[in-house]
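Participant: Predicted model and sequence below, questions to follow.
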Amino acid sequence: MLVDEILKTEDFKALEREIHDFPKSLMLIGKDEIYLKEFAKLTALLIMDEGINFESENAKKVLAGTHPDLKSYPIKEKLLVSDSEEIGDESFVKPIFASRKVFIINNIDNSMESAQNKLLKVLEEPSRNVYLILTCTNTSLVLPTIKSRCNKVELKKLSDELVEHILGKVENKELILACCDGQIGKAQSLNKMKNFDTLCQDCLSVFTKMKNSKQVLEYSKKLLSYKSEIQLILDIFTLIVEDLIKIKGGKSELVKLRPFMDDLNAVLGDYTLRALCEIAGLIDKVNKEKQFNVNMTLGMENLLLNILEVKYICR
């Protein structure tokens, strides 16, 4: 189903229009690893067939993952020097089945710098009929020399309607759509998460039920019990603040966390617009600190204390 939807996107149609003058090295940029991976696979088929024909032998083999002229890397979790060396060696081997050979390198931003450096020669002097497709979620982690040698395509995020269509019937649909930010991979992950609705309620409680500093430790402990979901918690905090700002601005129709509408309206008077803007800044600050492996136990406690402080100072 995702394959069908990718073919309809303007991003893919734009690549189809370039098929007769296709770049030898292409970097697909987006937030959703699953979407990037599927988009890269269809782009490889587009290159091999010089169009999309699902009845072709190329298509059947690409979609089945058995095409000898389509090589996907990394072999393990991240691209290693040995992977880059193998790509270099394989690039000199003529295509076996198709007229073009394609290498897909997923998550180039998750690869070692040495592996990226080793890949440079293939990007600088690609063999005849050899094409490289790189996927990336964070361009700041990619060497400038790699980026400069690739044509870059920033994929637009999927609409809520499209994500909903791909997901089908699921529980907590509205909350999932609000939190996935147009990422089908994230939506699927949230759908599989057993305590997702409880986590959302706990995040909401910080803004609706936490009244004094004595409760900070209790709420911090509860949120940190979700361990690997700190980023999701910060994202939900941001959504709550943004929705409160929208309601205050008379734009209730734009609220994303619609299942929480009654709760948000109930506490609307507790937060001034100035307080909400300052809280948004506090959350953003923790988001940035998180990238540098700051102690999140202390970070979460400080954030909750600061939310309380701003809430009362800005009344």
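Facilitator: Ah, there it is.

Participant: Other residues contacting stretch 259-275?
Facilitator: Residues outside stretch 259-275 that contact it (C-beta atoms under 8 Å, 6 or more residues apart in numbering): 174-175, 200, 204, 207-208, 240, 243-245, 247-248, 252, 255, 257, 279, 310-311, 313-315. Quick note: C-beta positions are derived from backbone N, CA and C, even for glycine.

Participant: for stretch 288-305, that is, sorry about that
Facilitator: Stretch 288-305 has contacts (C-beta under 8 Å, 6+ apart) with 206, 210, 213, 216-217, 219-220, 223-224, 230-231, 234, 282-283, 286.

Participant: Spit out the contact partners of the closest residue in space to residue 52 that isn't next to it in sequence.
Facilitator: Counting by C-beta to C-beta, 6 or more residues apart in numbering, residue 52 lies nearest to residue 46, which is 6.0 Å off, once chain neighbours are set aside. Counting by C-beta under 8 Å, 6+ apart, residue 46 touches 12, 15, 16, 19, 52.

Participant: Now residue 46: which helix or strand?
Facilitator: Residue 46 belongs to helix 33-49 when elements are defined using DSSP states H and E.

Participant: Can you pull the domain assignment for this structure?
Facilitator: Listed domain ranges for the chain are 2-156, 194-313 (source: automatic domain parsing).

Participant: Would you format the contacts of residue 46 as a markdown table with secondary structure, neighbour count and pLDDT included?
Facilitator: Below are those laid out as a markdown table (DSSP: H, G, I helix; E, B strand; the rest coil; neighbours: other C-beta atoms under 10 Å; pLDDT from 0 to 100):
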| residue | secondary structure | neighbour count | pLDDT |
| --- | --- | --- | --- |
| 12 | helix | 18 | 91 |
| 15 | helix | 20 | 92 |
| 16 | helix | 14 | 91 |
| 19 | helix | 13 | 87 |
| 52 | coil | 15 | 89 |
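
Participant: returning to what we had before: quick one: which of the contacts of stretch 288-305 is nearest to residue 139?
Facilitator: Nearest to residue 139 out of the contacts of stretch 288-305 is residue 231 (C-beta to C-beta; 18.8 Å).

Participant: Separate out the buried members of the contacts of stretch 259-275.
Facilitator: Neighbour-count burial (16 or more other C-beta atoms under 10 Å) is assigned, among these, to 175, 200, 204, 207-208, 240, 243-245, 247, 255, 257, 279, 310-311.

Participant: if we can go back for a sec, the helix holding residue 46: which residues count as buried?
Facilitator: Result for helix 33-49 [16+ other C-beta under 10 Å]: buried residues 33, 35-49.

Participant: Looking at these, which is nearest residue 65?
Facilitator: residue 41 (8.6 Å).

Participant: what's the spacing between that closest one and residue 62?
Facilitator: Relative to residue 62, residue 41 is positioned 6 Å away (C-beta to C-beta, to the nearest Å).

Participant: and for the two, which residues touch both?
Facilitator: With C-beta under 8 Å, 6+ apart, residue 41 and residue 62 have common neighbours residue 70.

Participant: pLDDT weak spots in the stretch 151-300 of the chain?
Facilitator: 292-294 (pLDDT under 70).

Participant: which residues of it fall in helices?
Facilitator: 160-167, 173-180, 184-192, 196-208, 216-224, 230-248, 261-266, 273-290, 296-313 (DSSP state H, counting those that start in this stretch).

Participant: Just checking: what are the partner strands of the longest strand seen in the chain?
Facilitator: Taking DSSP state E as the criterion, the chain has its longest strand at strand 130-136. According to DSSP bridges, strand 130-136 has the following sheet partners: strand 25-29 (parallel), strand 101-105 (parallel).

Participant: mind giving me CSV with those and columns for mean neighbour count and mean pLDDT?
Facilitator: Shown next, in CSV, are these (neighbours: other C-beta atoms under 10 Å; pLDDT from 0 to 100):
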stretch, mean neighbour count, mean pLDDT
strand 25-29, 22, 96
strand 101-105, 25, 96
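
Participant: can you tell me which of the ones you listed comes nearest to residue 4?
Facilitator: strand 25-29 (18.5 Å).
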